[in-house]
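Undergrad: Everything below, folded, please.
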Amino acid sequence: MPHKLVNGQIVELTPEEIAQRQQDEIAWNNGAFDRAMADLRQRRNTLLSASDWTQLTDTTLTNAQKQAWMQYRTELRNITNGLTTVEDVNGISFPVKPN
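TA: Prediction:
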């Protein structure tokens with residue numbers, strides 16, 4: 001039987017407490033995809049921010065280099081497209097940063 005610790009004593013949970021724990025667990029599991037997507041977006045946004053400089057007009061990048069960075073940034077922005085499960089999110093491979 002599930003239990004909790006109250007003032008140093010082990011006390012069995014009431015049926016209401018058990019039901020609440022089960023509801024909390026279901027809610028947590030149902031939010032797994034949203035948490036995974038939020039983490040993915042944060043990682044993606046960090047990489048985008050770190051490459052913002054590549055799109056400035058005064059960079060010393062060649063046109064080919066700038067184009068490669070544009071492609072990289074497009075791939076980053078599109079990385080969340082079509083993801084529907086936590087497994088999809090966990091299976092993402094980030095694009096390789098251009099030289």
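Undergrad: Wasn't Ala19 part of a strand?
TA: No - applying DSSP: H, G, I helix; E, B strand; the rest coil, one finds Ala19 to be helix, outside a strand.
Undergrad: how distant is the worst-scoring helix or strand of the chain on mean pLDDT from the center of its chain?
TA: Here the helix or strand of the chain ranked lowest by mean pLDDT, DSSP states H and E is helix 15-30, holding a mean of 87. Mean C-alpha position of helix 15-30 versus that of the full chain (C-alpha atoms, centre = their mean, to the nearest Å) differs by 24 Å.
Undergrad: Identify all contacting residues around that helix.
TA: 2, 4, 13 (C-beta atoms under 8 Å, 6 or more residues apart in numbering). Glycine gets a C-beta too; all of them are placed from N, C-alpha and C.
Undergrad: Could you check which helix or strand contains the second one?
TA: The one in question is Lys4. Take DSSP states H and E as the rule and Lys4 turns out to sit in strand 3-6.
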